[in-house]
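J.: Next input, structure requested:
(chains A and B)
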Amino acid sequence: MATASIPGPALTVEHVSKSFRTPVEAQHTLKERALHPFKARELRAFAALKDVSFTVAEGEFFGIVGRNGSGKSTLLKCLAGIYGIDEGQMFRRGRMATFIELGVGFNPDLAAYDNVVLNGIMMGLSPSEAKARYERVIAFAELEEFQDLKLKNYSSGMHVRLAFSVAIQVDADILLIDEVLAVGDAAFQQKCFDVFNRMRDEGRTILFVTHDMGTVNRFCHRAMLLDHGAMVAIGEPRMIGDRYLELNFTEKAQTHRRASTERIGDGRARIVDAWLEDHHGLRRTQFLSGTRNIFHAVVEFAETVEDPSLTVAFRNEHGHNVVIVSTLVEHCETGTFHPGDVAHFAVSFDNVFGPGRYEPLANLASGEGHELIDRWENQLSIMVRGLLASGGFVDVPNRWTIEQGAGLEIPPPFIEKSPA
Amino acid sequence: MATATLEPQVDRGEPIRGPSAVGGDFRRALTLTIAIARNDFKLRFFGSVLGYLWQLMRPLMLFGVLLVVFTQIVVVTDTEYFPVALLLGIVLFTFFAEATGNAVGCVMVRENLVRKIHFPRLVIPMAVVMVACFNLALNLVVVVVFALAFGIDPSWNWLGVIPLLLALIVFASGLAMLLSALYVRYRDVEPIWDVMLQVTFYASLILVPYEAIREKSETLASVLLANPLAAVIQETRHLLIDPSYVNVVRGIGGWALVLVPGALLVATFALGLRVFNREAPRIAEEL
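T.: Here you go, the predicted structure:
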């Protein structure tokens, strides 16, 4: 019985696995090769993708997220047909175009025309189609005056503009885009994303590979998280973002544990332990934004120290001190400590951190903070999750009032009177 | 299952295939080959002021040197048409050396394309052969001018050269595919082929004509003709220059033995195609 076929997803990926064979290089000395010229090379298989399945609906802006080496670019190259897959099946409905790099195959010694036509043909246009589009490409790139120049005489900006306009002139229903596309200056990046947005609004299907969650949150309808070649999660961008942070967090925490650091400071005292507690008083490494947390430090004194100060800084992944709390700022007198004394410092604070990973760092000092006694760092890494992420460094509690209607009294602008 | 047939079929579109040599789309492969070869040729032409003249310089210089050595110092043969025969040999060998020699590392040179775009992989070595063909066509014009200057009259026999050249192109293509595919895995191919080309130059009856070798050893002369390149050069001389150049059938010792260079040629092409086809899906990863 013949049944009507209903349109399926734009892209179907079923149980795709892919491994690379890398030669074990150890035996490749000249002597070894001379002795065993025909010995089969030992190959080590590296599984780059493990049983990945997903579908992308027509008109969807789909993000693939993962850290370096998670297999996201490999997946894109498999979809593009650049790499063959070992197992599984992939289907596409419609014409597909890949943007892994701009201006692939551009030759610096040829003029714009030859490069544009060749690039168009490489992307799957017929020679006549490619030639017909040349005018449009040049116009979009705003390079009419420079079209007779060889490409090597173009500025890098002109080069990128040309490459980008070639790429977007190839009309495809499905676009595979690598994050490298979004490099370049901010203005160009914006232009790229404007075009992607326009394409999305035109109902084209876009697959976007990135390691930047911000981009995913801004553009994607749905996303997928890859780690070590396996699919970890698929769904709403925000959920994927949380999982991605968690993944980064555990990895980073492990590497830090290993790096036992030499301590800085004169050693008159030592911070022997420090930790963070959540609003329930439990020692944790994951916190919810908006709750009240407590930082604890236990200090052992080897010499007499008068009025030491403790400063705690929370650093984000970019190394910015997002929040600093200190006894110095609060003008607390901490008192005098003697050799053998053990002191317990605790400071509670409102967790206003934006979602992300932070590293607390504690400085014990004396003499208004100028004489460093001990520094405690690289020991702990915490993760903050937010119910509401504003996108700023911190999320502070805020309240809005909005009034509407005629006869509203707008206070007159305040003008400072000069003390004439 | 009975219920399964009632469900409407989901149209998932066409399967995505991995990289391959031709990829089922022969026209696209051809278009691309021509486009790449055209650009390459253009580059060499306009790269310097004298363009094509430089391209011609190498075979002509070699020709000049050899001509002086072998007519003024060592006399191998005293045939009237020796200079034309020498030039023809050099031009055909130049084509062969260019097509195969440039093919060796060609996939590596186009690494950027291979790793970033899905296209029929065979295009790369074929574009190299095509560029060599363009050069051959131009160089042959020089040969013809030279031949006419030597008082050789054009004849219908000249048309017989066309299938010979096609055979030579097929032979070079086979080697180009084989070498470019092997090079991806074994970098030793490059020095090996360099040496092989040198040997081929002396083994292809370019310098010392068949007739001169036959005077010393008839067997050696016949064995040398088993080399498809030598056979093509010899037969082209026979047709293009003078019938006094022994034709291959007679030179090798009968029709049956002509099958030897013929079979070698076909086998080389088949092997090249097979090896390239086998390697094509993984070329992007192995680079």
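J.: which residues sit in contact with residue A:50?
T.: Applying C-beta atoms under 8 Å, 6 or more residues apart in numbering or on different chains, we find residue A:50 in contact with A:17, A:228-230. (C-beta placed from N, C-alpha, C; glycine too.)
J.: swap the cut-off to 10 Å and go again
T.: Residue A:50 makes contact with A:15-19, A:71, A:87, A:226, A:228-231, according to C-beta atoms under 10 Å, 6 or more residues apart in numbering or on different chains.
J.: overlap between those residues and the residues near chain B?
T.: Checking the contacts of residue A:50 against chain B by C-beta under 10 Å from any C-beta of the partner chain, the ones in range are A:16, A:18-19.
J.: how far is stretch B:15-29 from where the chain is centred?
T.: Relative to its chain's centre, stretch B:15-29 lies at 24 Å (C-alpha atoms, centre = their mean, to the nearest Å).
J.: Now do the buried residues in it.
T.: By 16 or more other C-beta atoms under 10 Å in any protein chain shown, the buried positions in stretch B:15-29 come out as B:16, B:18-23, B:28-29.
J.: Give me the three-state assignment for the residue nearest to residue A:213 when sequence neighbours are not counted.
T.: Sequence neighbours aside, residue A:241 is the residue nearest to residue A:213 in space, at 4.5 Å (criterion: C-beta to C-beta, 6 or more residues apart in numbering or on different chains). With DSSP: H, G, I helix; E, B strand; the rest coil as the basis, the three-state label of residue A:241 is helix.
J.: quick one: residue A:241 and chain B, what's the gap?
T.: For residue A:241, the distance to chain B equals 29 Å [C-beta to the nearest C-beta, to the nearest Å].
J.: what distance separates the start and the end of stretch A:302-319?
T.: Length of stretch A:302-319, first residue to last, C-alpha to C-alpha, to the nearest Å: 32 Å.
J.: Name the residue closest to the centre of chain B, please.
T.: residue B:172 (2.9 Å; C-alpha atoms, centre = their mean).
J.: that older thread, are any of the contacts of residue A:50 buried, and which?
T.: Among those, those buried by neighbour count (16+ other C-beta under 10 Å) are A:16-19, A:71, A:226, A:229-231.
J.: Lowest mean pLDDT among the helices and strands of chain A, which one is it?
T.: helix A:30-35 (a mean of 63; mean pLDDT, DSSP states H and E).
J.: Which parts of the stretch 251-400 of chain A are helices?
T.: A:327-330 (DSSP state H, counting those that start in this stretch).
J.: low pLDDT regions in it?
T.: For the stretch 251-400 of chain A, residues meeting the criterion pLDDT under 70 lie at A:251-262, A:387-389.
J.: Residue A:351 contacts residue A:394, correct?
T.: Yes. The criterion here is C-beta atoms under 10 Å, and residue A:351 meets it with residue A:394 at 9.4 Å.
J.: related to what we said a few turns ago, quick check, the residue nearest to the centre of chain B in a helix?
T.: Yes. Counting by three-state DSSP, residue B:172 is found in a helix.
J.: pretty sure it contacts residue B:98?
T.: Yes. Here residue B:172 reaches residue B:98: they are 8.7 Å apart, a contact under C-beta under 10 Å.
J.: Can you pull the residues that touch both of these two?
T.: Common neighbours of residue B:172 and residue B:98, using C-beta under 10 Å, 6+ apart, are B:128-129, B:132-133, B:136.
J.: any chance you could map the strands in chain B?
T.: B:9-11, B:14-15 (DSSP state E).
J.: With chain A in mind, check whether the longest one reaches it.
T.: In other words, strand B:9-11. Yes. Residues of strand B:9-11 are located near chain A by C-beta under 10 Å from any C-beta, namely B:9-11.
J.: need those in TSV with distance to residue A:326 and pLDDT, can you?
T.: Below are the residues of strand B:9-11 next to chain A laid out as TSV (distance: C-beta to C-beta, whole Å; pLDDT from 0 to 100):
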residue	distance to residue A:326	pLDDT
B:9	68	75
B:10	63	80
B:11	65	82
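J.: Kindly reformat these as CSV containing neighbour count.
T.: Formatted as CSV, those follow (neighbours: other C-beta atoms under 10 Å in any protein chain shown):
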residue, neighbour count
B:9, 12
B:10, 13
B:11, 14
